[in-house]
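In: Need a 3D model of the sequence below.
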Amino acid sequence: MKNEIIEWIKTIVLSVVIALLITAFIKPTIVRQHSMSPTLQEYDFLIINRLLYNRTAPQNGDIVVFQSTLKTAMGKDKLLIKRIIAVPGDELLIEDGIVYLNGRILDEPYLVNGYTEGKATEGNTILIPEGKLFAMGDNRNNSMDSRDEVISLVDIDDIVGKAFLRLYPLNKIGFLK
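Out: This is a model prediction of the structure:
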């Protein structure tokens, strides 16, 4: 009986250690907004790589989760999920509904209508400073993102991780692009 109890304790301790290791590297999250539609839908269940940006720099096109200055109903910082459009050193211009990155029209096949309202950035070239990112939702008509003064440029240090895998809905399981 004593040996069986010891085996149970070992199994439980090992399970807890494995769970802690896994959650140190990845974070599950559920999409709670429509700002990334059609790429992501509300209630999509995603896995976020928490350690990727400790080794590499964020890249244009990455879908990231980051801490914002917005607050949830519980008073916590709200997490947002957006696509990186420009990284440090990039020049960004939004003009007449078209996004220009470093003087070239940005290829954005993930957009439905291809039109981007500039809001605060319309007609002004922005140079992305060190330590900052410009991020926008794929649903440009329904996304609070770097175009809004409330969100503005995203601090690289505020990134929780890169969304890389969708697990739900089951018919859309796969790696994100």
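
In: Any buried residues in the strand or helix carrying residue 53, and which?
Out: Under the criterion of DSSP states H and E, residue 53 resides in helix 52-55. Neighbour counts using 16 or more other Cβ atoms under 10 Å place 52, 53 of helix 52-55 among the buried residues. Bear in mind the C-beta positions are built from the backbone N, C-alpha and C, glycine included.

In: Which strands or helices does it pack on?
Out: strand 159-168 (3 or more Cβ pairs under 8 Å, 6 or more residues apart in numbering; DSSP states H and E).

In: and stretch 20-34, which residues are buried?
Out: Going by neighbour count (16+ other Cβ under 10 Å), the buried part of stretch 20-34 is 26, 27, 29, 31, 33, 34.

In: Closest to the centroid, which residue in this protein?
Out: Centroid-nearest residue in the chain, with Cα atoms, centre = their mean: residue 64, separated by 1.8 Å.

In: Is that one in a helix, a strand, or coil?
Out: Here residue 64 takes the strand state, with states given by DSSP: H, G, I helix; E, B strand; the rest coil.

In: quick one: pLDDT of it?
Out: For residue 64, the model assigns a pLDDT of 97.

In: how close does it get to residue 47?
Out: Going from residue 64 to residue 47 by Cβ to Cβ, to the nearest Å gives 13 Å.

In: shared neighbours, these two?
Out: Both residue 64 and residue 47 are contacted by residue 163, under the criterion Cβ atoms under 8 Å, 6 or more residues apart in numbering.

In: which residues are contacting the helix-or-strand element of the chain with minimal mean pLDDT?
Out: The helix or strand of the chain with the poorest confidence is helix 52-55; it has a mean of 83 (mean pLDDT, DSSP states H and E). Here helix 52-55 makes contact (Cβ under 8 Å, 6+ apart) with 156, 159, 161, 162, 164.

In: Format the CA atom coordinates belonging to the top helix by length along the chain as PDB.
Out: Using DSSP state H to define each element, the chain has its longest helix at helix 2-25. Presented in PDB, the C-alpha positions along helix 2-25 are these (Å, rounded to 0.1, in the frame of the first residue of the first chain):
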ATOM      1  CA  LYS A   2       2.900   2.400   0.900                       C
ATOM      2  CA  ASN A   3       4.600   1.800  -2.500                       C
ATOM      3  CA  GLU A   4       1.300   2.500  -4.300                       C
ATOM      4  CA  ILE A   5       0.900   5.800  -2.500                       C
ATOM      5  CA  ILE A   6       4.500   6.800  -3.300                       C
ATOM      6  CA  GLU A   7       3.900   6.000  -7.000                       C
ATOM      7  CA  TRP A   8       0.800   8.100  -7.000                       C
ATOM      8  CA  ILE A   9       2.700  11.000  -5.500                       C
ATOM      9  CA  LYS A  10       5.500  10.700  -8.100                       C
ATOM     10  CA  THR A  11       3.000  10.700 -10.900                       C
ATOM     11  CA  ILE A  12       1.200  13.800  -9.500                       C
ATOM     12  CA  VAL A  13       4.500  15.700  -9.000                       C
ATOM     13  CA  LEU A  14       5.700  14.800 -12.500                       C
ATOM     14  CA  SER A  15       2.400  15.900 -14.000                       C
ATOM     15  CA  VAL A  16       2.600  19.200 -12.200                       C
ATOM     16  CA  VAL A  17       6.200  19.800 -13.300                       C
ATOM     17  CA  ILE A  18       5.300  19.000 -16.900                       C
ATOM     18  CA  ALA A  19       2.300  21.300 -16.800                       C
ATOM     19  CA  LEU A  20       4.400  24.200 -15.400                       C
ATOM     20  CA  LEU A  21       7.000  23.700 -18.100                       C
ATOM     21  CA  ILE A  22       4.500  23.700 -20.900                       C
ATOM     22  CA  THR A  23       2.800  26.800 -19.600                       C
ATOM     23  CA  ALA A  24       6.100  28.600 -19.400                       C
ATOM     24  CA  PHE A  25       6.600  28.100 -23.200                       C
END
